[in-house]
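K.L.:
Here you go, sequence then predicted model.
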Amino acid sequence: MKSLATIQVILCSTILLLTGCASRSTSTPELEQTININTFPSKLTIDDIGIEFTGYERSERYFTIQVCFDPPDEETWLLDDVVFKINNQEISNGEIVGKFGSDRTDGFGCGLIGYPIELIPATGKADLSIRQLTTFINRKSHRLEDCNRAQKKLDLTKAGVVISCDPAIVKLDSRFFMVTKKPLFMSDEDADTIVMDAFSENIRVNWIFSFFIDKP
C-alpha cells in the first residue's frame, strides 16, 4: 500500500529535464503539457509556483491525493476546478480540503483531494487536472475593505445583490456578511453563492499530472 506517511522522501530538482522525479510529456501542446509523476514526492515548478506532488493513499473509506504548493501570498489558497480520471474515466463525488496550520518549514500549503474508495480500481493510469487556485474566506479575520471590494465585484455582475458587513447589521453568531438586497426570484442559497464568489480571489493554473496507481 502506498502511504503519504511512509513514502520515501526524495529531493528532486525543479529542472524537470534533469530529474527522474517528474517529466513533461512532449506529445501535447505547450499549454496542455502533462507532467508524468514517476516517484513520490515529486517537486517541480510551474509558472513560478513551487509544487510538491506528495502522493496518494488508500484508507478504509477514502482514496486521497495530496498536492502542496507555495501560496501566492499570505492568504489561504485552495485547489479548485479539479478533474480526476482513471483509465480515461472521470471519477466523481470528490471533495477538496485544505490542510491549515501546516508545520512545513517551506511555507507550502497542502490540498487533499478525496474520493470514495469503492470508486477506485485496484490499479490503473490516473490523470489529475487542477485548473484554479481559490482563496479561503476566514470570517474571523475579515476586513471591511474586503467587503467593499466584494460589493464592487457584485455590482459588475449586475446580479442585483447588495451586502453589508456592518457589525450593527450582521448578527455576531452569523456569517461575516448579510445580504440586504436581492432579486425576488433569487433564492437565499443562490445569493450566498454569488456573494462567496465575490469575496474569493482566483488564479487560473494549468497543472496536469499523470501517474500510475499500484495494487493495494
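P.N.:
That came through, no problem. Residues are numbered from 1 along each chain as shown.
K.L.:
okay, CA-based contacts and neighbour counts for the rest of this
P.N.:
Will do.
K.L.:
What residues of the helix or strand hosting residue 132 count as buried?
P.N.:
Using DSSP states H and E, residue 132 falls within strand 124-135. Neighbour-count burial for strand 124-135 flags 124, 126, 127, 128, 129, 130, 131, 132, 133, 134, 135 (criterion: 16 or more other Cα atoms under 10 Å).
K.L.:
Which two among those residues are spaced furthest apart?
P.N.:
Pairwise distances across the buried residues of strand 124-135 peak at 32.4 Å for 124 and 135 (criterion: Cα to Cα).
K.L.:
now, which of the buried residues of strand 124-135 sits nearest residue 180?
P.N.:
The closest of the buried residues of strand 124-135, once distances to residue 180 are taken by Cα to Cα, is residue 135, at 24.1 Å.
K.L.:
Can you give me the pLDDT of the closest residue to the closest one other than its chain neighbours?
P.N.:
Of all residues not flanking residue 135 in the chain, residue 77 sits nearest, at 4.3 Å (Cα to Cα, 6 or more residues apart in numbering). Predicted confidence (pLDDT) for residue 77: 86.
K.L.:
Looking at the longest helix along the chain now, give me its mean pLDDT.
P.N.:
The helix that spans the most residues within the chain, counting by DSSP state H, is helix 144-157. What helix 144-157 shows for mean pLDDT is 87.
K.L.:
Identify the residues contacting the very next helix or strand once past it?
P.N.:
Using DSSP H and E, the helix or strand that follows helix 144-157 in sequence is strand 162-164. Contact partners of strand 162-164, identified using Cα atoms under 8 Å, 6 or more residues apart in numbering, comprise 147, 151, 154, 170, 177, 178, 179, 180, 181, 182, 195.
K.L.:
neighbours around residue 163, how many?
P.N.:
By other Cα atoms under 10 Å, the residues close to residue 163 number 20.
K.L.:
and the most centrally placed residue in the chain, bridged to which residues?
P.N.:
In the chain, the centroid-proximal residue (Cα atoms, centre = their mean) is residue 79; its distance is 0.6 Å. Bridge pairing for residue 79 (DSSP bridges) gives the partners residue 133.
K.L.:
mind listing what it touches?
P.N.:
Per Cα under 8 Å, 6+ apart, neighbours of residue 79: 96, 98, 111, 130, 132, 133, 134.
K.L.:
in terms of contact, does the fifth one touch residue 80 like I think?
P.N.:
To tie it back to what came earlier, the one meant is residue 132. Yes - if you go by Cα atoms under 8 Å, residue 132 and residue 80 touch, sitting 4.9 Å apart.
K.L.:
Pull up the gap between the nearest residue to residue 161 once chain neighbours are set aside and residue 192, please.
P.N.:
Leaving aside its sequence neighbours, residue 161 sits nearest to residue 182 (Cα to Cα, 6+ apart; 4.5 Å). For residue 182, the distance to residue 192 (Cα to Cα, to the nearest Å) stands at 10 Å.
K.L.:
Export the contacts of residue 79 to JSON lines and append columns for distance to residue 162.
P.N.:
Below are the contacts of residue 79 laid out as JSON lines (distance: Cα to Cα, whole Å):
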{"residue": "96", "distance to residue 162": "29"}
{"residue": "98", "distance to residue 162": "30"}
{"residue": "111", "distance to residue 162": "32"}
{"residue": "130", "distance to residue 162": "32"}
{"residue": "132", "distance to residue 162": "27"}
{"residue": "133", "distance to residue 162": "26"}
{"residue": "134", "distance to residue 162": "22"}
